[in-house]
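> Model the following, please.
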Amino acid sequence: MRKVLSRTVAALAAALAVSLLLPVAPAYAHGQLATSTPLTGTVVREPLTQLALYFTEKPASNAHFAVTGPDGSRVDSSWSHGEPKRLDKPVTEYFMVNGVFEPRLYHTGFPAMVTVAHWPAKGRYTASYLSVASDGEAVRGEVSFDYQGPGTPAPAGWSPPTAGPDPALLAQAEGEGSITPGATGSPVAPTDAAADDPAGAAPEQRDGGFPAWLVPALIVVVVSAVVLLAARRRPAARGASPAGPRPAGPAGRGAGARKAAGPTRKTGARTGGPARRGRR
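Residues are numbered from 1 along each chain as shown. Model prediction:
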């Protein structure tokens, strides 16, 4: 039983390793977040005047950005386009070409510089964004980090902004349905590159394509079924094989030999008795 369990565990581990080696389905959304300053999950110890969010293409002019502090109140004041920069790590974006998604490698990040009015307290800050890429897809997500620097006062006459996203931007973004939030591994795409990606091609591929997670799941199911069938057959074979050899084992042959030798000794003693009495 232990052997069966060990083999089952080994088979499942092999299936899991195969699933991890399978290629991950590419992200077809365009214009996503490539990197940021500060990076999400990091600790900031100095009061920054601006946050830089670098996208794979230039954010829309009516894009919406907001920075909230530990108590949930906004601390941003405005945003502007910054100077593009070369990314430390190039990123990939996929475009539809003749019915096939082809990868393109990009090296440039297009920043949105978000001004921070003040840092009221230490704690978790979140910069959220909403834009629309050149191919019409919504670009949304957030960058969160921990601020442990000194507190700074608000500028004179400043008040937390209350305006939300532009209604036209919001309508266009909501019309796209479910959009994957921006990921740091998304590609860089120039604003004129969307002509190769027909409108609606990427969403259709995500909805109708073969799910990437289904392949490793099928592998695990098949391997588990094979192992269980093998485990059910082996106990029956083990129970039948010892039945034949036991009667003919060494113990049986020894007992038979002892029984055969006993009468021989007794017969020799009886025949020898009368001969000795006759001699006397």
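> In the stretch 151-280 of the chain, where is pLDDT below threshold?
176-218, 220-223, 226-227, 229-280 (pLDDT under 70).
> in the chain, which strand has the most residues?
Counting residues, the longest strand found in the chain (DSSP state E) is strand 100-116.
> Could I get the buried residue list for that one?
For strand 100-116, a neighbour-count test (16 or more other C-beta atoms under 10 Å) marks 101, 104, 106, 108, 109, 110, 111, 112, 113, 114, 115, 116 as buried. C-beta: built from backbone N, CA, C; applies to glycine.
> State the phi and psi torsions of residue 171.
When quoted as degrees, to the nearest 10, the phi and psi of residue 171 stand at phi -60, psi -40.
> what about it, how many neighbours?
Using other C-beta atoms under 10 Å, residue 171 has 10 other residues around it.
> Please tell me how far residue 154 sits from residue 173.
30 Å (C-beta to C-beta, to the nearest Å).
> of those two, who's got more company?
residue 173 (22 against 14).
> What's the end-to-end length of stretch 63-78?
This stretch, stretch 63-78, spans 11 Å end to end (C-alpha to C-alpha, to the nearest Å).
> quick check: mean pLDDT across that stretch?
For stretch 63-78, mean pLDDT is 96.
> Stretch 121-131 too?
On average, the pLDDT along stretch 121-131 is 97.
> what sits up against it?
Under the criterion C-beta atoms under 8 Å, 6 or more residues apart in numbering, residues 31, 33, 36, 44, 51, 53, 55, 59-60, 63-71, 75-76, 112, 114, 138-149, 151, 165, 169-170, 173, 182 lie in contact with stretch 121-131.
> With stretch 153-169 instead?
60, 62-64, 66, 73-77, 117-118, 120, 130-132, 170, 173.
> Give me the buried stretch members for that stretch, please.
Across stretch 153-169, burial judged by 16+ other C-beta under 10 Å covers 165, 166, 169.
> mind exporting that stretch as PDB, just the C-alpha atoms?
Output of stretch 153-169 as PDB, limited to C-alpha atoms (Å, rounded to 0.1, in the frame of the first residue of the first chain):
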ATOM      1  CA  PRO A 153       1.500  69.400   5.600                       C
ATOM      2  CA  ALA A 154      -1.000  70.100   2.900                       C
ATOM      3  CA  PRO A 155      -0.300  73.200   0.700                       C
ATOM      4  CA  ALA A 156      -2.200  76.300   1.600                       C
ATOM      5  CA  GLY A 157      -5.600  76.400   0.100                       C
ATOM      6  CA  TRP A 158      -5.500  72.800  -1.100                       C
ATOM      7  CA  SER A 159      -8.400  70.500  -0.700                       C
ATOM      8  CA  PRO A 160      -8.700  66.800  -1.500                       C
ATOM      9  CA  PRO A 161     -10.000  66.300  -5.100                       C
ATOM     10  CA  THR A 162     -13.500  64.800  -5.400                       C
ATOM     11  CA  ALA A 163     -13.800  64.500  -9.200                       C
ATOM     12  CA  GLY A 164     -14.100  61.000 -10.600                       C
ATOM     13  CA  PRO A 165     -13.300  59.700 -14.100                       C
ATOM     14  CA  ASP A 166     -14.500  61.500 -17.100                       C
ATOM     15  CA  PRO A 167     -18.000  60.200 -18.100                       C
ATOM     16  CA  ALA A 168     -16.900  59.500 -21.600                       C
ATOM     17  CA  LEU A 169     -13.800  57.600 -20.400                       C
END
